[in-house]
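A.B. asks: Just a sequence and a predicted model for now, questions to come.
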Amino acid sequence: MINIKPFITVETSTKSYIILFLIALFMLAANPFKGETVAPMDLLVKYPGWQNSGQKEAYINGERSDVLDAKLPIWISAKRTLYNGEIPLWNHQRAGKPGLIFTNSLLTPAFVVFAMIPDDALGFYLSNLVNVLIGLVGMFLFLRLFFSHYASIFGATVFMFSGFNAAWFFWAHVDTAVFTPWVMYAVFRYLQSEKRQDLILVTVSMLLLNLGGFPMVAVMTYMATAIMVLLLLVSLKKSFKTWFIQLSYLVAFSLLAVLISLLFVYPLIELLEWMGGIGYRSSGAGFSRADFALFYNPDLYKAPRVETTFYVGLLPLLFLGLTLIYALFKPKFIAWFGLLLFLYALTISFVLIDIDIIRAIPTLDSSLLTRFGFLLGLSLAIVSAYAIHTFMKMFDAKVWVLPLVILLFSLQVYQQKSLFSKFNGAVDNNSFYPQTKSLDYLQKTLKPLEHVMADSGFLIGGTLGGYGLNDWFAHSFHQGQEKELLRKIVHKPFKTPTSAMFNLAQINLDSPYIDYLGIKAILTTQYSAQAPLEFWHNINHKKPCPTLPTNKLLQPFTLKKTYTTKGISLHMATYSQAHASSDVQLTLRQANEFITTVIVKKESITDNRWVDFLFATEKTLLQGTYTIELEMLESKDAKPLTVWSNIGEKNEPLLANGTKTNLSFQMRFIQDRVLNPKYTLLNLEPNIHILKNETVNENAYYLPTLDTKVSPDYAPIKTTHFSNTKIEIEYQAKEAGWVVFPMHNYPGWQATVNGKEVALGTFLHTMPAVKINHNSVIILTYKPSYNKYLALLSLIGVLILLFLAFYYRKKDSNS
């Protein structure tokens, strides 16, 4: 039988909480009194779209774009909705999605704090601080059931700043993870004390966990709790009847938490059904055997990666071994819990058993197994606290013990702080979605259902949601038919099943679907008055050609027809230099007869960009064979420069110092760009352009039939009311037809025409359409059918919880 003697009443002290608070401040390392916050804005201002914002931040990590293009835009939008006196049931960004779905993390203490503070940068700092304190205090209280103050503080720090939590710090993963120790604390308290009053904390902690926003972390928490309960079954000497009653109550109060959260969990089920499921996802293969090195070397892949980081420092690994040795001789429940939890997490994350067995475990057939790095951190926090506690108890009378523990703790904090700083750091408040002239203009002029598109200079689609700008390509779930529609506007826009990032050249500016989707503005950092005319460009099979200046490069090519061009563009690379170290000269010849020479200044040649060699006057190039010679004018001490080249050229290969290669320049001719007259070109700041679509000018449009052979007509539409869940427009014409709203046709939207409820049609399998006969008032209202039923169930659950809290408190006080 495993020995178990926890403190039934947790003894704490103000000193412990002060230490935890100071640890939180130290790890975040931002000073809000000096206008600093903690947010991934170093990544944002690195992109060309913000080059005129005046904000510069030291670059920290590039793997936090989801926070910028999804989480924060949703939070900011919900906050503005609340400030307008509405409940954020619906979010008009991302072409419209449910607002109070639990995966948005709007039902967390972190968001509550963010929403309470008008300043977004300060609010986000305080929300992160609150998250850290919740996690630290929760783990401290759980460990304090078994260990001393110092050991519990040590373990709480290991947990809260474990590799998983450090890597996913800004995500819903941590919004959820901070409640893991609270669930274990509440469940253990109840099973140990047998006081039914403790069941209230069980329900509350599980409710907060369920609503945290990331289901997989909640699943792992329940797995860890189940292991703890099973171990308690063999540790606590109780009768079968006692256990049966206690576990029955535990299950009942767990289900009560589920009942209360149904109102916010069901929308996820609805969303997945609407988009056709997530069949594209399957469980990842987990870590490889080589990844064992990540336990002691977080820089195994040159820099820590979000998906592969579970490092917690070196000391917990030492404590793991010591705990195993000591537990074999003097078995303790908490030690064996930590060891078994570590073994379980290790088995899953490193796939130490048949993968089919793992996939047979509920929820693990479509989850990334590397996420079990979270439980590795949790288990190592437990064994660390156990080792420190045991060590201090063994040498309790020695004066050197406490200084040594403080030294070990300092080393632990240093290692975890070093890792944390590779993912997260302090930035200036002014860099929190900083204003630019272009963004300010769009914020002031665009209507709610007038959408934007932005090229890769503005990061991933959805990032501009932080400014309240609506984007069909925003990082989110998309229906299959919706994706096909978006692909008719942009060639291969999606980098992942849910995120899009593309260049201006990939956009079909003449696509009629731009008008159908209500895209009012295209924001770009890549617009040029010149346009590509002819390509020699194979993006899938390319490599750098031999570098300048050590090689003389000569590229022959043949024209089979006559072209009129303003110049030649080459895809060049500077090997991470800010720009080329020398001006570059291009010489064009036809059949060895000189045509022209073009010199491009070194400052205009930047890394992995197309460089335009513009002729002094437009040239007409007849059919025939030509050569391009490329050289650096200042070859002495010049740093390497290259041109990206296609691989596999046999007929007219590039010559490097006279030697044939199997390459050919990635190049194109340039002509004056002919812009579709529906666009107005705005250049409000250097190097940033807005293509303003003058066709789109309202929140809805008229079509005589649901046919793409006719153009949308915005003229007869007037918006009279627009709010979070209600849109009212007037159709001011006599012709019958359809009014289309450029947003998702999502379950829950209902329509009335002149006060009479009508069925919603669908345009392009994506957008809601309302049939009208003549001058009409159309009202669209969001009333999800499940709301009244699930709201009632959740309310009943809350009332039951409040009643039981009062009842058990009174009963326990009387007894």
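C.D. replies: Arrived safely.

A.B. asks: Let me know the pLDDT of the residue lying farthest from the centre of the chain.
C.D. replies: For the chain, the largest distance from the centre (C-alpha atoms, centre = their mean) belongs to Glu593, which lies 55.6 Å off. Looking at Glu593, its pLDDT is 93.

A.B. asks: Could you give the bridge partners of it?
C.D. replies: Applying DSSP bridges to Glu593 gives these bridge partners: Gln590.

A.B. asks: all strands in the stretch 401-550 of the chain, in order from the N-terminus.
C.D. replies: Secondary structure of the stretch 401-550 of the chain by DSSP state E, counting those that start in this stretch: the strands cover 426-428, 451-454, 519-524, 530-536, 542-544.

A.B. asks: Same check on the stretch 51-200 of the chain?
C.D. replies: For the stretch 51-200 of the chain, the strands defined by DSSP E, counting those that start in this stretch occupy 90-91, 97-98.

A.B. asks: helices and strands of this structure: which one has the lowest mean pLDDT?
C.D. replies: Across the helices and strands of the chain, mean confidence by mean pLDDT, DSSP states H and E is lowest for strand 530-536: a mean of 59.

A.B. asks: Tell me how far Pro32 lies from Asn128.
C.D. replies: From Pro32 across to Asn128, the span is 11 Å (C-beta to C-beta, to the nearest Å). C-beta: built from backbone N, CA, C; applies to glycine.

A.B. asks: Where does pLDDT dip in this protein?
C.D. replies: For the chain, applying pLDDT under 70 flags the ranges 1-12, 278-284, 529-540, 812-815.

A.B. asks: If we use 50, what do you get?
C.D. replies: Where the chain drops to pLDDT under 50, the residues are 1, 8.

A.B. asks: what's the longest helix anywhere in it packed up against?
C.D. replies: Determined from DSSP state H, the single longest helix within the chain is helix 240-275. With contacts taken as 3 or more C-beta pairs under 8 Å, 6 or more residues apart in numbering; DSSP states H and E, helix 240-275 sits against strand 97-98, helix 180-193, helix 198-210, helix 215-235, helix 787-814.

A.B. asks: do you know which of those lies nearest Ser456?
C.D. replies: Proximity to Ser456 (C-beta to C-beta) singles out strand 97-98 among the helices and strands packed on helix 240-275, at 23.4 Å.

A.B. asks: List the strands paired with the closest one, with their directions.
C.D. replies: Using DSSP bridges, the strands paired with strand 97-98 are strand 90-91 (antiparallel).

A.B. asks: Now find how far off-centre the strand it pairs with is within its chain.
C.D. replies: Using C-alpha atoms, centre = their mean, to the nearest Å, the mean C-alpha position of strand 90-91 is found 18 Å from that of the whole chain.

A.B. asks: Outside of it itself, list whatever touches it.
C.D. replies: Strand 90-91 is contacted by residues Ile74, Ser77, Ala78, Thr81, Gly96, Lys97, Pro98, Gly99, Asn104, Asn724, Thr725, Tyr782 when judged by C-beta atoms under 8 Å, 6 or more residues apart in numbering.

A.B. asks: Same check on stretch 55-70?
C.D. replies: Here stretch 55-70 makes contact (C-beta under 8 Å, 6+ apart) with 39-46, 170-171, 303-306, 421-425, 427-428, 430-431, 434, 459-463, 465-466, 474-476, 499.

A.B. asks: let's see 6 Å
C.D. replies: 40, 42-46, 170, 306, 423, 425, 427, 430-431, 434, 460, 462-463, 475 (C-beta atoms under 6 Å, 6 or more residues apart in numbering).

A.B. asks: likewise stretch 27-39?
C.D. replies: Stretch 27-39 is contacted by residues Ala121, Leu122, Phe124, Tyr125, Asn128, Phe161, Phe420, Asn424, Ala426, Val427, Asn429, Phe432 when judged by C-beta under 6 Å, 6+ apart.

A.B. asks: what distance separates the start and the end of that stretch?
C.D. replies: 14 Å (C-alpha to C-alpha, to the nearest Å).

A.B. asks: buried ones in it?
C.D. replies: Met27, Leu28, Ala30, Pro32, Glu36, Thr37, Val38, Ala39 (16 or more other C-beta atoms under 10 Å).

A.B. asks: Keep only those of those that are in strands.
C.D. replies: Residues of the buried residues of stretch 27-39 located in strands (DSSP state E): Glu36, Thr37, Val38.

A.B. asks: that older thread, between the helices and strands packed on helix 240-275, which one is nearest to Val674?
C.D. replies: Of all these, strand 97-98 sits nearest to Val674, with 37.2 Å by C-beta to C-beta.

A.B. asks: That closest one: how far from the chain's middle?
C.D. replies: 17 Å.

A.B. asks: what's in contact with that strand?
C.D. replies: Contacts for strand 97-98 (C-beta under 6 Å, 6+ apart): Asn91, Pro267.

A.B. asks: one more time with 8 Å, if that's ok
C.D. replies: With C-beta under 8 Å, 6+ apart as the test, strand 97-98 has contacts from Leu89, Trp90, Asn91, Pro267, Glu270, Leu271, Ser476, Phe477, His744, Tyr746, Gly748, Pro784.

A.B. asks: ok, the fifth one touching Ser785?
C.D. replies: It refers to Glu270. No - taking C-beta atoms under 8 Å as the definition, Glu270 is not a contact partner of Ser785, at 9.6 Å.

A.B. asks: Got phi/psi on Leu343?
C.D. replies: Backbone torsions of Leu343, given as degrees, to the nearest 10, read phi -60, psi -40.

A.B. asks: From the contacts of strand 90-91, pick the one nearest Met206.
C.D. replies: Asn104 (19.3 Å).

A.B. asks: distance of that closest one from Ala70?
C.D. replies: Asn104 is 9 Å from Ala70, where distance means C-beta to C-beta.

A.B. asks: can I get the strands of the stretch 51-200 of the chain in JSON lines with mean neighbour count and distance to Asn773?
C.D. replies: As requested, the strands of the stretch 51-200 of the chain are arranged in JSON lines below (neighbours: other C-beta atoms under 10 Å; distance: least, C-beta to C-beta, whole Å):
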{"stretch": "strand 90-91", "mean neighbour count": "23", "distance to Asn773": "28"}
{"stretch": "strand 97-98", "mean neighbour count": "22", "distance to Asn773": "32"}
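
A.B. asks: could I get those as CSV with distance to Val137?
C.D. replies: Converted to CSV, the strands of the stretch 51-200 of the chain look like this (distance: least, C-beta to C-beta, whole Å):
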stretch, distance to Val137
strand 90-91, 32
strand 97-98, 32
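
A.B. asks: Highest neighbour count among the contacts of stretch 27-39?
C.D. replies: When neighbours are taken as other C-beta atoms under 10 Å, the top entry among the contacts of stretch 27-39 is Phe161 (28 neighbours).

A.B. asks: and the longest strand for this protein?
C.D. replies: When the chain is parsed with DSSP E, its longest strand is strand 609-621.
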